[in-house]
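The following block contains a protein sequence and its predicted model.
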Amino acid sequence: MNLNLSQLKHDYDELGYFVLRDFFSPDEMAKLRSTILAFHEKWKADNHEFYQEVAFNSSLITGSQYLADSQRLQLFNFIASDKLMAVVNAVIPNFPAFMNTQLFFNPPNPELKDFWHRDCQYDHDVDMQKIVIHETQVVHFRVPLFDELGVELIPGTHKRWDTEEEFAVREELNGRHSNESLPNAERIPLKAGDLLVFSADMLHRGLYGLERLAWDILMFDSAGDFVDYVDDDCLPETHLLKSIDNPDIYHNILKLKAKQQQLQSDL
């Protein structure tokens, strides 16, 4: 696949997202699907009540709790593959760092609806949200395991604040609901093998339905203040690092964590 990396960077900077169709081969998807489904079944069994009542995603898929080292190594190498890292480096040219992975699925509870949000709203009050959307943001690299309805997003909102209507819907103010339709939104249906890249802090929502099972790889610019969000268990241990073909993305976060630990010990 011939990629115009400068165009991808331009699209991301201007719109906050882009999608690459048929980016992964059927063979790559089959191997990935097998491993992710192994994680998902064990996670559901271990979190049965939570899954049935409120869950719509899980995290730490590269962690050690549910997968063997051989399976984790497969995921680490998938993330660090040359073709995916070409896209990562185009979007985040300043030493991209691996943050985590998440798995998004249809919630078993029918009362849960797809909802508009910015990821930053779960960590910051409104005044701080208005600031952080103009700073370094986390980027989602979404890999759908099956054909799905995809994601709905509002282009450009990674660089601007909500309109009055957007804010009322997102925060469910004045009788509005977070699953209502919004103007200027774009729906992006996804098929297995596609890659959707989007800013975590833009206005977006996943669309429930079909066989939705989307694996999101989260990355950030090393200049961003996100080290505290990285769980050690989702990172490769030393013996796994030696078997990763292109481990730079993991070395970057390990260096950031080591630097932070040194600063804390010096206090």
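Done, it's in. Residues are numbered from 1 along each chain as shown.

What's the end-to-end length of stretch 90-104?
Start and end residues of stretch 90-104 are separated by 25 Å (CA to CA, to the nearest Å).

With stretch 186-197 instead?
Distance across stretch 186-197, first residue to last, is 14 Å (CA to CA).

for the record, mean pLDDT for it?
Stretch 186-197 shows a mean pLDDT of 98.

Show residues contacting that stretch.
By CB atoms under 8 Å, 6 or more residues apart in numbering, the residues outside stretch 186-197 that reach it are 8, 12, 17-26, 28-29, 33, 84, 87, 91, 139-155, 207, 214. In this view, the C-beta of every residue, glycine as well, is placed from N, C-alpha and C.

Please enumerate the helices of the chain.
In the chain, helices defined by DSSP state H lie at 5-15, 26-46, 48-53, 69-79, 82-91, 126-132, 164-170, 238-241, 248-266, listed in chain order.

okay, and the helix or strand of the protein with the least pLDDT?
The helix or strand of the chain with the poorest confidence is helix 248-266; it has a mean of 89 (mean pLDDT, DSSP states H and E).

tell me what that helix is packed against?
helix 82-91, strand 96-105 (3 or more CB pairs under 8 Å, 6 or more residues apart in numbering; DSSP states H and E).

what angle separates the last one from helix 69-79?
Yep, that's strand 96-105 we're talking about. Strand 96-105 and helix 69-79 are oriented at 110 degrees to each other (axes from the mean of the first three to the mean of the last three CA atoms, to 10 degrees).

Renumber starting at 267 from here on
All set: I'll call the first residue 267, so the last point we hit is now strand 362-371.

For stretch 400-410, list every residue counted as buried.
Under the neighbour-count criterion of 16 or more other CB atoms under 10 Å, stretch 400-410 has 402-410 buried.

And stretch 333-351, by the same measure?
Across stretch 333-351, burial judged by 16+ other CB under 10 Å covers 333, 337-346, 350-351.

again with stretch 434-450
In stretch 434-450, residues buried by neighbour count (16+ other CB under 10 Å) are 434-436, 442, 448.

Go through the helices and strands packed on helix 514-532 and pick out the most buried.
Most buried of these, by mean neighbour count (mean count of other CB atoms under 10 Å): strand 362-371, with a mean of 22.

Packing partners of it?
Against strand 362-371 (3+ CB pairs under 8 Å, 6+ apart) you get helix 292-312, strand 323-325, helix 335-345, strand 479-487, helix 514-532.

what about it, average pLDDT?
Averaging pLDDT along strand 362-371 yields 97.

residues in contact with it?
Strand 362-371 has contacts (CB under 8 Å, 6+ apart) with 302, 305-306, 309, 321-328, 341, 345, 354-355, 404, 472, 478-488, 492, 495-497, 500-501, 515-516, 518-519, 522.

quick revisit: for the least confident helix or strand of the chain, the distance to its chain's centre please.
Chain-centre distance of helix 514-532: 22 Å, with CA atoms, centre = their mean, to the nearest Å.

Which of the residues in that helix are classified as buried?
By neighbour count on 16+ other CB under 10 Å, the buried set for helix 514-532 is 515-516, 518-520, 522-523.

Could you dump the buried residues of stretch 333-351 into JSON lines with pLDDT and distance to residue 465 added?
Shown next, in JSON lines, are the buried residues of stretch 333-351 (pLDDT from 0 to 100; distance: CB to CB, whole Å):
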{"residue": "333", "pLDDT": "98", "distance to residue 465": "28"}
{"residue": "337", "pLDDT": "98", "distance to residue 465": "29"}
{"residue": "338", "pLDDT": "98", "distance to residue 465": "27"}
{"residue": "339", "pLDDT": "98", "distance to residue 465": "29"}
{"residue": "340", "pLDDT": "98", "distance to residue 465": "28"}
{"residue": "341", "pLDDT": "98", "distance to residue 465": "23"}
{"residue": "342", "pLDDT": "98", "distance to residue 465": "24"}
{"residue": "343", "pLDDT": "98", "distance to residue 465": "26"}
{"residue": "344", "pLDDT": "98", "distance to residue 465": "22"}
{"residue": "345", "pLDDT": "98", "distance to residue 465": "19"}
{"residue": "346", "pLDDT": "97", "distance to residue 465": "22"}
{"residue": "350", "pLDDT": "98", "distance to residue 465": "18"}
{"residue": "351", "pLDDT": "97", "distance to residue 465": "19"}
